[in-house]
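Chemist: any chance you can model this:
(2 chains)
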Protein chains: 2
Amino acid sequence: MTERVALIGSGNWGSAVAKIIGRNVRKFDHFDNKVKMWVFEEKVNGQNLTEIINTKHENVKYLPGIQLPSNIVACPDLLETCRDATMLVFVVPHQFVTSICKQLKGRIPANCKAISLIKGIDVNADGFRLITDMIQDSLGVPTCVLSGANIANEVAEEKFCETTIGYRNRADGELFREIFHTPTFRVNIVPDVVGVELCGALKNIVAIGGGLVDGLKLGDNTKAAIIRIGLYEMRKFSKMFYADVKDETFFESCGVADLITTCAGGRNRKVAEAHVTTGKSFDQLEQEMLNGQKLQGTSTAQDMYNILSKKGLCHEFPLMTTIYKICYEGLPPIRIVEDI
Amino acid sequence: MTERVALIGSGNWGSAVAKIIGRNVRKFDHFDNKVKMWVFEEKVNGQNLTEIINTKHENVKYLPGIQLPSNIVACPDLLETCRDATMLVFVVPHQFVTSICKQLKGRIPANCKAISLIKGIDVNADGFRLITDMIQDSLGVPTCVLSGANIANEVAEEKFCETTIGYRNRADGELFREIFHTPTFRVNIVPDVVGVELCGALKNIVAIGGGLVDGLKLGDNTKAAIIRIGLYEMRKFSKMFYADVKDETFFESCGVADLITTCAGGRNRKVAEAHVTTGKSFDQLEQEMLNGQKLQGTSTAQDMYNILSKKGLCHEFPLMTTIYKICYEGLPPIRIVEDI
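Modeler: Below is the predicted model of the structure:
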C-alpha cells in the first residue's frame, strides 16, 4: 500500500524536517511523493505564508535560507492536510495538541500512524500525561516519538547528527525511520516511547542548571557533574513513573547527546547564566532576551516540582528541586552545588 | 587497626589529592595522621622539592598557589614512603608503574591495599593489561581505581565535582572513599574496577574526535553525537573484553561526565582542533603547543587500533578506527563524520 505523509506544523523544526521528509519519500516506491504540510496561515510582507512556501519553496519566516523540496506542499487547512494521510508527523508547540486532535478526530484514515516531535509534558491536577498518549488516546492511532541532539538550523544545514525514534511496534518505528534517516541525520530506533519522550521533556530543566554553573564560573568539572546528575535524575524519574523505561535509551541521542547539546548552547542555558551574572529575575530576562520565545526550562521545573511535591518525592530529586527553588523561590544560585 | 596512607606520586593531580587526603585522615580515628608522599627529587631554584614542600607546604612546581595540609610529608625515598603503609595511592605516569612495583615487591605490609589514579593501559604483544592488574599481580594487594571528571586545578580550588571509585571488595571501596570524599569532591563507589579504569584510559581518544569537530566547525549537534558514539564504543570495547563490566558504570562521573569535561577542554581536544585549522601534524603540534607534555589521545588511539586490527574488530569500532587513521594515516578530518 502507498503511505501518505502529512506534516502538522511548519515552524523552525517542522521546516527542517520537511526538507528531509520531502527528499526521502522520493527514494521509496511505497510513499506518495506529495507531502502536505499544515501551515498556520499568516501574512509575511503582505503575502500568505503558504503561497510563499509553495512558490519560493522556502519558509522565509521560520527557516530562511533553506530550500525545501518542491513536493512539500503548504496547506492552510488542517483537515485538508490530513484527510488522506497514513503517517502524521506532529511538530507544533505542545499547547496546540489538544485542539488539533479534537479537530482531526474521526476525520483521518483508520490505518493512520503518528509520530510526535513535540517537547513537553501535559500537567494536570492528577499528575501528568505524555504527548504521545494524548495523540494516541484521542485519535486512536499508534504513536511514535522522535527526539535527539537536533538543533534545527544545524540539521537543515546537513551537519552530521543523530536522533532517536521510540516505537511501540517495530514496523512503525522502521517506517518512520525511512522518512527521517539520512547520512547526516542518523536515526536509531528503540522500543521505548516513554523514555525517549521524557528525555526531551526534562532536559531543559538540566539546561537551566548548566547555565547557572556557567554564570557562577565553576568550571568544566562542575558543569559535567550537573549534566551527569541531571541525566541520573531524568532516568530515575522516568523509571519511577513508568517501570518499563529502559536504561539503554539514556545512552541514545535523545538522552546523553541531547543533554550535552542543550547544556552547551540554547536559550535555557543562556538565560540561566544571565540570571547569575545580572541578578535579574527569569521573567524579566525572558522578556529582554528571548524576543517573544518562551523559556521552557523554568516552567518544566515548576511542573516537575508540582508532581514531586504532591507525591513527597522532592528529597529524591535534589537537583531538579533545587533548580525549581532557584527559579521560583529566590534561592541563591550557588545552592545548586550546596543542596544536592 | 590503624591505617597508614602513602601517596606514590606528587605531580599536579597527586598534589591536588594530597590536599584532600591530608585533611580527611584527620577526621577519623582509624587513620594515622601522617601521610607520606613520595616525590621524585628535583631541584627548584636550587632547593630540593621535598624540602620546599615540607617547609612551605606547597608544591611550587606542580600545583603552585595551593596550600597542602602540614601532615603531608614529602619523602624522596620510595621504600621509606611505603614501608609501613596499609593504603597505597598510585598517582604517577603509567610508564613508571612496572619499575615502582618491582622496587616495592615484598617490602610492604601484608595487609596492604592499593588504589590507582593512573590513566592508560599497558599494551604488549599479546594485547593489553590494566594498570590495576599490574599493581595487583606484582604486589599481591587488592587494587581499586579512582577516575572521574576531575581537572586537577579545579579540584584543588574546591570547585564542586564528582568522582568514581571502582572496587573489587566493598570494604576496600568504602575505606578509600573515606580518604577522598569531601562535600566538593563527591565519591561514588561502584563494584566495577575494569569499567572505571577503561573509561579513564579510552576517553582521550574521543577527545581527539571532539577537537576535530571543533576545528571543522560542525556545531553542537555533531559534537554531542561524537561524544555519544564515543561513549558507546568505549562501553562496547569494555564489555567485549571483560564480560562483567557494568552498563551502570558509564553513567557515573568516570563515564559520561569525564568524557564531557575532556571534550570541552583539555590538551587532546585543543591539539586536534589545531590539526584541522592549521593542517600541521599532531607530532608538530604536540611539540609547539604542549610545552613538553604528551598527547595521550593519539597514542591511546594507536594502542586501541593495534588491539582491534589484530583481532579483526576495526569495523565494529568505526569512530575509534577513523580517529586513529586521521592521526596516523593522513585521513582528512572530515572523514570523522563520513566514515562512521
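Chemist: I figured residue A:178 hits residue A:26, correct?
Modeler: No. In terms of CB atoms under 8 Å, residue A:178 does not count as a neighbour of residue A:26; the distance is 11.6 Å. C-beta: built from backbone N, CA, C; applies to glycine.
Chemist: of these two, who's got more company?
Modeler: residue A:178 (17 against 13; other CB atoms under 10 Å in any protein chain shown).
Chemist: circling back: need the residues touching each of residue A:178 and residue A:26.
Modeler: Common neighbours of residue A:178 and residue A:26 are not found (criterion: CB atoms under 8 Å, 6 or more residues apart in numbering or on different chains).
Chemist: chain B contacts on the stretch 201-340 of chain A?
Modeler: Contact residues, the stretch 201-340 of chain A versus chain B (CB under 8 Å from any CB of the partner chain): A:218-225, A:227-229, A:231-232, A:235, A:247-248, A:250-253, A:256-258, A:260-261, A:264-265, A:337-338.
Chemist: buried subset of those residues as a PyMOL selection?
Modeler: In PyMOL, a selection of the buried entries from these looks like this (16 or more other CB atoms under 10 Å in any protein chain shown):
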select buried, chain A and resi 218+219+220+221+222+223+224+225+227+228+229+231+232+235+247+250+251+252+253+256+257+258+260+261+264+265+337
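Chemist: and the helices in the stretch 151-300 of chain A?
Modeler: Using DSSP state H, counting those that start in this stretch, the helices found in the stretch 151-300 of chain A span residues A:152-156, A:170-180, A:193-216, A:220-241, A:258-264, A:267-278, A:282-289, A:296-310.
Chemist: as TSV, these with mean pLDDT would be great.
Modeler: Shown next, in TSV, are the helices of the stretch 151-300 of chain A (pLDDT from 0 to 100):
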stretch	mean pLDDT
helix A:152-156	95
helix A:170-180	98
helix A:193-216	97
helix A:220-241	97
helix A:258-264	97
helix A:267-278	96
helix A:282-289	95
helix A:296-310	94
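Chemist: distance to residue B:273 for those - can I get that in TSV?
Modeler: Listed next are the helices of the stretch 151-300 of chain A as TSV, based on distance: least, CB to CB, whole Å:
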stretch	distance to residue B:273
helix A:152-156	18
helix A:170-180	31
helix A:193-216	21
helix A:220-241	16
helix A:258-264	15
helix A:267-278	22
helix A:282-289	29
helix A:296-310	30
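Chemist: nearest to residue A:78, out of the ones you listed?
Modeler: Closest approach to residue A:78 among the helices of the stretch 151-300 of chain A is made by helix A:170-180 (20.0 Å; CB to CB).
Chemist: what residues of stretch A:330-340 count as buried?
Modeler: For stretch A:330-340, the neighbour count (16+ other CB under 10 Å) marks A:331, A:333, A:336-337, A:340 as buried.
Chemist: for that stretch, the averaged confidence score.
Modeler: The average of the pLDDT scores along stretch A:330-340 is 95.
Chemist: need the contact partners of it.
Modeler: For stretch A:330-340, the external contacting residues (CB under 8 Å, 6+ apart) are A:209, A:212-213, A:215-216, A:218, A:222, A:226, A:229, A:275-276, A:318-319, A:322-323, A:325-326, B:160, B:183-184.
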